[in-house]
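A.B. asks: here is a sequence together with a model predicted from it:
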Amino acid sequence: MTMIKGLLTAAAAAGAIALAGAPSAWAITNAEADYIKDLTSAGIAGDQAALIADGHTICSALAQGADPNTLSQTYFKNSGQISHAQADAAINFAKTDLCPAG
């Protein structure tokens, strides 16, 4: 499955969002474990480190003012492997599991 970061990178190249670096440590937090569990429940699978990095990329994009619907559409459009509902879920899970509140 194509990872979100790769999909969002294409959007960033078009000026849609800005990407930030992902944490470099592999020890995952409880929030990151929840994110992986939620993605799996939605049928989204892949390398855990990449998925976690993608989730943090989503949070960075949202913090910089990216529209969640635009991120979801970009993910869906570029993946060719997930449904609209899965794309929405990936964005929502990042928001609820990983992104700082407020």
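C.D. replies: Right, received. Where do you want to start? Residues are numbered from 1 along each chain as shown.
A.B. asks: check which element follows the helix ranked longest in the chain along the chain.
C.D. replies: Scanning the chain for the helix with the most residues, using DSSP state H, yields helix 48-63. Using DSSP states H and E, the helix or strand that follows helix 48-63 in sequence is helix 68-79.
A.B. asks: follow-up on the earlier one: now do the longest helix of the chain, average pLDDT.
C.D. replies: Mean pLDDT, helix 48-63: 91.
A.B. asks: do the same with stretch 79-94
C.D. replies: Stretch 79-94 comes out at a mean pLDDT of 91.
A.B. asks: quick one: it to chain centroid distance?
C.D. replies: Between the centre of stretch 79-94 and the centre of its host chain there is 9 Å, according to CA atoms, centre = their mean, to the nearest Å.
A.B. asks: list the buried residues for it?
C.D. replies: Residues 79, 82, 86, 87, 88, 89, 90, 91, 93, 94 are the ones in stretch 79-94 that count as buried (16 or more other CB atoms under 10 Å). Any C-beta I mention is one placed from the backbone N, CA and C, and that applies to glycine too.
A.B. asks: what's the longest helix of the chain packed up against?
C.D. replies: helix 4-13, helix 30-41, helix 68-79, helix 84-93 (3 or more CB pairs under 8 Å, 6 or more residues apart in numbering; DSSP states H and E).
A.B. asks: buried set for the second one?
C.D. replies: Spelled out, that is helix 30-41. 32, 35, 36, 38, 39.
A.B. asks: circling back to that earlier point, reformat the helices and strands packed on helix 48-63 as JSON lines; add distance to residue 101.
C.D. replies: Shown next, in JSON lines, are those (distance: least, CB to CB, whole Å):
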{"stretch": "helix 4-13", "distance to residue 101": "21"}
{"stretch": "helix 30-41", "distance to residue 101": "11"}
{"stretch": "helix 68-79", "distance to residue 101": "15"}
{"stretch": "helix 84-93", "distance to residue 101": "15"}
